[in-house]
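1. Quick one, fold the following:
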Amino acid sequence: MIKTLISFICLVTWSLCLTAQDIKNNPGSNHGNRFEQLGTILPTPNEYRTASGAPGAKYWQQRCDYAIVCELDEPNRRLTGKETLTYFNNSPDQLTYLWLQLDENQHSTKNNAGYQSNSFLPKVVSEADLVRLSGKSDKEYGHNITKVTDALGKNLQFTVNKTMMRVELPATLKPGQQFIFKIEWNYNITDRLKSGGRGGYENFPEDGNDLYTMAQWYPRLCVYSDFQGWQNHQFAGSGEFALTFGNFKVAITVPADHVVLATGEGQNYAQVLTPAQLARWQKAQTAKDVTEIVTLQEATAREKQKSTQKKTWIFKADMVRDFAWGSSRKFIWDAMPIRVEGKKVMCMSGYGKEAYNLYRKYSTKAVAHTITTYSKFTIPYPYPVAQSLEAANGMEYPMICFNYGRTEKDGTYSEGTKNGMLGVVIHEVGHNFFPMIINSDERQWTWMDEGLNTFVQYLSEELWDNKFPVGRGPAYKIVDYMKLPADQLEPIMTNSENIIQFGPNAYSKPATGLNILRETIMGRNLFDYSFKEYARRWAFKHPTPADLFRTMEDASGEDLDWFWRGWFYSTDACDISLDTVKWANLSLESVAPRGNGNTMKPNVAKPLLNTFDDISKIRNREDKSIVFATDADTSLRDFYWNYARDLVKVDNTPVEITIPAAPLDSFTNEQKTTLAGGKNMYELTLSNKGGLVMPIIIEWTFKDGTKEIDRIPVQIWRKNENKVTKTFMKEKEVASIKLDPLRETADINEQNNVWPSFTTPSKFQLYKARTGGGRGAASGNVNPMQKQIK
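-> This is a model prediction of the structure:
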């Protein structure tokens, strides 16, 4: 009975216990495993979710509307709120209770999730470490639920279980019915920089002011779905959120000199803005460039004295899964409209003076660029607002996100700070699409929002500037992670709380996999069509991994089960080895082995240092329809735009791409001589040392210096998943051979990719060659911009 129960649990959780790596169709054999269909590893299609990956005819999802009134008590750093919730039961099930999330309990000493990890004696102990290790706190944090009633004020029974709260319904909630109830609550706001987490306050000692980022701040409905029932797994910090769509109306009372930016559209700007600010807001609606609504001068003036008066800002947002807001007297606020398929979207930013020289120049235009590019690759952005707030953070919510990027005190900044700021703005604004619209379950599958979003972030960064130093997406950047020991790895299809290398596993590897599909396996046109179809099908719905996998195959006509199996369900790596090379010239009537022991020594140039360019950058340059953001708007160029181009040198030698011809029928020796006399034939033997099957990409360098690339689809491995032998005929004699020359397949060992073999320069040798010595170009703490000014 116990064994049967365990098997059932594994099945309904989509093989969390057994992955595709463990389940082999033909164990002990060299074929019939990696190319088999996923079959029962994926959930069985039904009337809610079809085998094509589309929502079924009877697909349903719940809804919850919120009306919230809250007040920020800044002197005591406390938030008090009341909310009225209207819950719609669109499921075919009868419900007797509702589950809500109390995420602020993450900071509670009593009601946190209680998950613990290993800890070791630190060499240096900070004040925050001492507080954490002592288990003591200056005050109690977490949600204090003071009242739960029905619409008429009758008390409802409720139970708080750590970060979750169950509310008992007074009567069974039948399909098609709705239930209105009310909750009153309060909590002490945490110092985010000390306590961690996504929301809280940051204090600025220089001027004595706080900046509040209010996230996971109100009790929120859990998702009740067709594939899981209630998603009421505890919030332990890593696995983020699963949320229900609904409409919000929120009234936020704050000190009168605060500026509030929030999810949705402001409903009472005429009452909370000064006449001058309101006029700027109205002007910004049709402006061609960024307009400051609240200026630097106004913000710095407000910092000097704190108002004891109050103002209430009102916001409205429809069909969103969450609501967040920021409040501070430090905020400068700017805005610029763009059009997405004819619909206006107000792109906006809020930031303190500490970020002015970066955010005023870049933030709102980066928001606009992100909305435009994501709309191209997924669906047209449906919301009226998109905002970026600087808060020394990186976190996303519908229509608003919190980012980082502050300058030095003199207003200068390093190139790393600028590019990091642009990357985080693009990433967090991009989350409006994944998961705010394509609404996956983050608590179970972090990669479904972080990985997909990181992939489209990569595409957007590439379109910002062809020289933008992308951090995640290119295949070669995931190699160091794929090389790690087995106990440091887990499949992408792993629960969020069980991941050791969280960033590489949930962000980088899924993004890299999608990029390999786009650039190397499917091609851009086929991939882009299928990916957009997934976004279209599951916009404002709750997709699962199977829905993505099935849609990509259904829309493309490509069998990709081998890829999902290898890249998502296993920890196998790509390591294709060029083992032997044999050469024959028909006129010589001989065959000669050409391996490491061959006496023939062709004249082969050693690889150039600092000349590698990612395949995406090359193809984007070659696509004349692409206009990079820094070319379309030259105001986005700064000191570092020119500085980077002075340092980077790229080998743009043209490469001829050939498509393998169909096999010919048998010929007589005389016919062969007529067709191939004097030509060269090469037999290559390759082995799969990493376990992950991938297309084979071969670069031939001929003795006259010309090059040619052959691309062999992955299916060549289907009859023998461990070893492949392939013969080629070439007009010219080959001087050298290299596998995967553009590093498209994340091959973890480039040493066995070449003939004849050579020693690959170490990272230190590359760095030393690039900088002209063992030290970087810059010294001390002075950034190049400061040196230029001096």
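2. what about A270, how many neighbours?
-> By the criterion of other C-beta atoms under 10 Å, A270 has 11 neighbours. For glycine as for every other residue, the C-beta is placed from the backbone atoms N, C-alpha and C.
3. can you check T40 too?
-> 11.
4. and it, helix, strand or coil?
-> Judged by DSSP: H, G, I helix; E, B strand; the rest coil, the three-state class of T40 is helix.
5. residues in contact with the residue lying closest to T520 once chain neighbours are set aside?
-> Spatial nearest neighbour of T520, excluding adjacent residues (C-beta to C-beta, 6 or more residues apart in numbering): E744 at 4.5 Å. Listed by C-beta atoms under 8 Å, 6 or more residues apart in numbering, the contact set of E744 reads 475, 516, 519-520, 615, 697.
6. And E744, how far from M165?
-> 49 Å (C-beta to C-beta, to the nearest Å).
7. And E533, by the same measure?
-> In terms of C-beta to C-beta, E533 sits 38 Å off from M165.
8. which of these two has more neighbours?
-> Neighbours were tallied for E533 and for M165 using other C-beta under 10 Å; the higher tally belongs to M165 (24 against 17).
9. from memory that one sits against F158, does it?
-> Yes: counting by C-beta atoms under 8 Å, M165 touches F158, with 5.7 Å between them.
10. Touching both of these two, which residues are there?
-> Counting by C-beta under 8 Å, 6+ apart, the residues touching both M165 and F158 are I145.
11. what's the average pLDDT for whichever helix in the chain runs longest?
-> Selection of the longest helix in the chain by residue count, based on DSSP state H, yields helix 356-377. Average pLDDT, helix 356-377: 98.
12. Can you name every helix or strand that that helix contacts?
-> Secondary-structure packing of helix 356-377 (3 or more C-beta pairs under 8 Å, 6 or more residues apart in numbering; DSSP states H and E): strand 332-340, strand 343-351, strand 385-390, helix 415-430, helix 446-464, helix 524-538.
13. Give me the buried positions along it.
-> Residues 356-360, 362-377 are the ones in helix 356-377 that count as buried (16 or more other C-beta atoms under 10 Å).
14. relative to helix 524-538, how tilted is that helix?
-> 90 degrees (axes from the mean of the first three to the mean of the last three C-alpha atoms, to 10 degrees).
15. Make JSON lines out of the contacts of E744 and add secondary structure.
-> Putting the contacts of E744 into JSON lines (three-state DSSP) gives the following:
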{"residue": "A475", "secondary structure": "helix"}
{"residue": "I516", "secondary structure": "helix"}
{"residue": "E519", "secondary structure": "helix"}
{"residue": "T520", "secondary structure": "helix"}
{"residue": "I615", "secondary structure": "helix"}
{"residue": "I697", "secondary structure": "strand"}
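16. Nearest to R321 among the residues you listed?
-> Checking those against R321 by C-beta to C-beta gives I516 as the nearest, at 30.3 Å.
17. Hmm, the closest one is touching A746, no?
-> Yes: judged on C-beta under 8 Å, I516 makes contact with A746 at a distance of 7.1 Å.
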